[in-house]
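In: please find the sequence and the predicted model below.
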Amino acid sequence: MRLGRNPLSAVPEGSCELYACRLAVSTALILLRKRRIFKYPFAAKHGPCRLANTGEKFARVFAARRSAYTAQMTDSIANQTRQLADRLVAAGLSIATAESCTGGLIAKTLTDLAGSSAWFECGFVTYSNQAKIDQLGVQERTLLQHGAVSEATALEMAAGAVRNSRAQVAVAVTGIAGPGGGSAEKPVGTVWFGFAVPGEVSAEMKLFSGDRAAVRTQSLEFALHHLNRLIKK
């Protein structure tokens, strides 16, 4: 079958084949701009079946790479959790978490490790502004002036987690995991972290990419990594 100017017109709308074709054409056009090794008539010449096969290949490669990345991230998180546990035990410290956008993910990850009761104190999941005020003692004026996703709020969350628990160390997370809720000033992926260790409360900001799950996972990984930097054996 000979196709006209739009080689995708013969493929049913909403079908997997159409998705595969669009993926293949998009990739070909990207390569055309960057390497100039494909031309658009490629699509018209080979038709939807060839494009579907090409799209499926790209999809398989993408899935394999994503699976490898996920496995690598999982190993990194597990290693950093064990390292943090060792550091806390060696220093005679316990930790509390104060989470908003991660929804308890950090606390869950820490307590997945057997024996965590020796160094994990408690976790606060303060998703709403009122919960941050009631459970952590975040000042209402801080939220009004700076917003929930801000350095000031992250600092008060971390300090509040220590103040309202028996822990000496705390990590706080407040951010925009998406897909909505972002702005020009604070785009999706903006995450503020608060860290409280004996004698110091500090904050860090990161801008992560990816979907909601990716932002939350990267937030978890960074929180563990930075805690290990702050707590000396």
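Out: Thanks, I have it.
In: please parse the chain into its domains.
Out: Listed domain ranges for the chain are 16-66, 92-230 (source: automatic domain parsing).
In: any idea which of those gets closest to residue 78?
Out: Nearest to residue 78, of all the domains of the chain, is domain 92-230, at 8.3 Å by C-beta to C-beta. Every residue, glycine included, has its C-beta placed from N, CA and C.
In: next, format the domains of the chain as JSON lines and append distance to residue 82 and mean pLDDT.
Out: Output for these, formatted as JSON lines (distance: least, C-beta to C-beta, whole Å; pLDDT from 0 to 100):
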{"stretch": "domain 16-66", "distance to residue 82": "25", "mean pLDDT": "55"}
{"stretch": "domain 92-230", "distance to residue 82": "7", "mean pLDDT": "98"}
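In: please identify the most buried of those domains.
Out: Mean neighbour count (mean count of other C-beta atoms under 10 Å) peaks for domain 92-230 among the domains of the chain, with a mean of 19.
In: let's see the distance spanning that one from one end to the other.
Out: For domain 92-230, the first and last residues are 15 Å from each other (C-alpha to C-alpha, to the nearest Å).
In: which residue ranges form the strands in the chain?
Out: 95-99, 120-125, 169-175, 190-197, 200-207 (DSSP state E).
In: of all those, which one is nearest residue 107?
Out: When the strands of the chain are compared (using C-beta to C-beta), the closest one is strand 120-125, at 3.1 Å.
In: reformat the strands of the chain as a markdown table; add distance to residue 152.
Out: Listed next are the strands of the chain as a markdown table, based on distance: least, C-beta to C-beta, whole Å:
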| stretch | distance to residue 152 |
| --- | --- |
| strand 95-99 | 14 |
| strand 120-125 | 18 |
| strand 169-175 | 10 |
| strand 190-197 | 9 |
| strand 200-207 | 8 |
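In: select, out of those strands, the one closest to residue 140.
Out: Nearest to residue 140, of the strands of the chain and by C-beta to C-beta, is strand 169-175 at 15.2 Å.
In: that closest one packs against which elements?
Out: strand 95-99, helix 151-163, strand 190-197, helix 212-230 (3 or more C-beta pairs under 8 Å, 6 or more residues apart in numbering; DSSP states H and E).
In: so can I have TSV of these showing distance to residue 130?
Out: Shown next, in TSV, are the helices and strands packed on strand 169-175 (distance: least, C-beta to C-beta, whole Å):
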stretch	distance to residue 130
strand 95-99	14
helix 151-163	13
strand 190-197	19
helix 212-230	22
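In: out of the domains of the chain, which comes closest to residue 74?
Out: That would be domain 92-230 among these, by C-beta to C-beta, at 9.0 Å.
In: could I get the domains of the chain as TSV with distance to residue 79?
Out: Putting the domains of the chain into TSV (distance: least, C-beta to C-beta, whole Å) gives the following:
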stretch	distance to residue 79
domain 16-66	20
domain 92-230	9
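In: out of the ones you listed, flag the one nearest residue 77.
Out: That would be domain 92-230 among these, by C-beta to C-beta, at 5.7 Å.
In: re earlier: and of the helices and strands packed on strand 169-175, who's closest to residue 115?
Out: The nearest among the helices and strands packed on strand 169-175, by C-beta to C-beta, is strand 95-99 at 13.6 Å.
In: that closest one to strand 169-175, inter-axis angle?
Out: Here strand 95-99 runs at an angle of 10 degrees relative to strand 169-175 (axes from the mean of the first three to the mean of the last three C-alpha atoms, to 10 degrees).
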